[in-house]
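S.K.: sequence first, then the predicted structure, then my questions.
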Amino acid sequence: MKFKDFIKEKLALIFIYIIIIILIGFILNTFELITPAIVMVIFLLVLFGVLFISCGFIQKRNFYNETLNTLKHLDNKSLITETMPEAHFAEAQILKEILKVTEKYKLEQINKYKYKEEEFEEFMELWVHEIKTPLSTINLITENNPSKTSESIKEETKKINNFVELILFYARSQNLEKDYLIKNTNLKDVINKVLINFKTDFILKNIALNMSDLNYQVKTDSKWLEFISKQIISNSLKYLKENPKISIYAKKGKENITLYFEDNGIGIDKKDLPRVFDKGFTGQNGRSKYNSTGMGLYLVKKLCEKLSHGVEIKSKLNEGTIVKIIFPIGSMTKEIERTD
């Protein structure tokens, strides 16, 4: 708190006080008191006023400065009402009461929305569980009645399954800390498991698959890494061109292990590249013919951040795209080693 700000606040009071001093001096002069006595009274009144203003300023300055300093060093700013210094002037007490009431209201609102979010997540998990039953039935029917129509139905059912999974993982990603387990995970095992889902696509589209140097152990949650990998591979399959090829490999550096997903597809326009991880962003490719939701890469980025993994993307139009998942080697991951 600055002294000039405090004085501006008290200008009206100071003006009234000066008028009172002048009136007192005029009254004393009317009663024909000796000049030294009048001067002494006015001097004492001025001194009292200066001391009163100074004490008030020092008290408020110390309180507000200490409060701001405490707030600056608090990790949880909402605890300010519990850590504010003691003060003996009315404004400070009123401020504390206002902050306590607003903090209580804020906590009530947060708990209300947390409850709604948990309800929504529970509903989504139940819905996904229920919808999988008729989808499984459709798959069973198509397998027992092979035909071109059945194959088409099976492909569309697979797409529905992927969208259902996307919904489920999006709902769970809001509270990822409740649903993940970081442990040693072999990259090769994860990728092999993911590729089973795309076996038909690779065969029918005659896609060349190159896998190499994946035998690394990293610290991650295998289920979430499977989902991340599935979204990246799914994107590569959407944007293929002639003589399609997908390469999946890993490299170990001094500070991290990087998992690469590389394709020779249509690539991403330079102007779209900075926004590919934005929620709902589809870009020129997604809008033109691929009916993209813009949620896959958004979730990839979000989940990587929550798992403390890095994610980067490089692409050149009509040449292809490389997506990198970076697993740091450090205090969190401890030791990450190559297995032979």
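M.R.: That came in fine, so what should we check first?
S.K.: middle-most residue in the chain, spatially?
M.R.: Nearest to the mean C-alpha position of the chain, by C-alpha atoms, centre = their mean, lies Lys302 at 7.7 Å.
S.K.: wait, that residue touches Ser173, no?
M.R.: Yes. Contact criterion C-beta atoms under 8 Å: Lys302 and Ser173 qualify, at 5.8 Å. In this view, the C-beta of every residue, glycine as well, is placed from N, C-alpha and C.
S.K.: I'd like the mean pLDDT over the host helix or strand of the residue nearest to the centre of the chain, please.
M.R.: Per DSSP states H and E, Lys302 falls inside helix 296-306. The average pLDDT for helix 296-306 rounds to 89.
S.K.: what's the answer for stretch 163-178, then?
M.R.: Stretch 163-178 shows a mean pLDDT of 73.
S.K.: Tyr216 reaches Asn186, doesn't it?
M.R.: Yes. Using C-beta under 8 Å, Tyr216 is in contact with Asn186, at 7.3 Å.
S.K.: where does Tyr249 sit, in terms of helix or strand?
M.R.: Tyr249 is part of strand 245-252, with elements assigned from DSSP H and E.
S.K.: and for Ile141?
M.R.: helix 90-144.
S.K.: circling back to that earlier point, contact partners for the residue nearest to the centre of the chain?
M.R.: Going by C-beta atoms under 8 Å, 6 or more residues apart in numbering, Lys302 touches Ser173.
S.K.: how about the next helix or strand after the helix holding Ile141: buried residues?
M.R.: Where DSSP H and E defines the elements, the next helix or strand beyond helix 90-144 is helix 148-173. Neighbour counts over helix 148-173 (16 or more other C-beta atoms under 10 Å) mark 150, 153-154, 157, 161, 164-173 as buried.
S.K.: which other helices and strands does helix 148-173 contact?
M.R.: helix 90-144, helix 222-238, helix 296-306 (3 or more C-beta pairs under 8 Å, 6 or more residues apart in numbering; DSSP states H and E).
S.K.: low pLDDT regions in the stretch 51-200 of the chain?
M.R.: The model of the stretch 51-200 of the chain has pLDDT under 70 over residues 174-179.
S.K.: tell me if Gly49 really is in a helix.
M.R.: Yes. Assessed with DSSP: H, G, I helix; E, B strand; the rest coil, Gly49 lies in a helix.
S.K.: my read: it touches Ile19, true?
M.R.: No. Counting by C-beta under 8 Å, Ile19 is not a contact partner of Gly49; they are 12.0 Å apart.
S.K.: with neighbour numbers in mind, choose between those two.
M.R.: Using other C-beta atoms under 10 Å as the criterion, Gly49 and Ile19 rank with Gly49 on top: 16 against 10.
S.K.: just to revisit the earlier point, Tyr216 and Asn186: which has the busier surroundings?
M.R.: Taking neighbours as other C-beta under 10 Å, Tyr216 and Asn186 compare with Tyr216 leading, 20 against 15.
S.K.: ok, that one to Ile246 distance?
M.R.: 19 Å (C-beta to C-beta, to the nearest Å).
S.K.: now do Thr83
M.R.: Distance, Thr83 to Ile246, using C-beta to C-beta: 55 Å.
S.K.: give me the more crowded residue out of the two.
M.R.: Neighbour totals were compared for Thr83 and Ile246, and Ile246 leads with 23 against 13 (other C-beta under 10 Å).
S.K.: do you know how far the spatially closest residue to Met295 that is not a sequence neighbour is from Asn76?
M.R.: Distances taken as C-beta to C-beta, 6 or more residues apart in numbering place Leu166 nearest to Met295, at 6.1 Å, with adjacent residues excluded. Computed as C-beta to C-beta, the Leu166 to Asn76 distance reads 34 Å.
S.K.: now Lys314
M.R.: 39 Å.
S.K.: more neighbours: which of these two?
M.R.: Each of Lys314 and Asn76 has its neighbours counted (other C-beta under 10 Å); Lys314 has more, 13 against 8.
S.K.: wait, a helix at that one?
M.R.: No. Assessed with three-state DSSP, Lys314 is strand; it does not lie in a helix.
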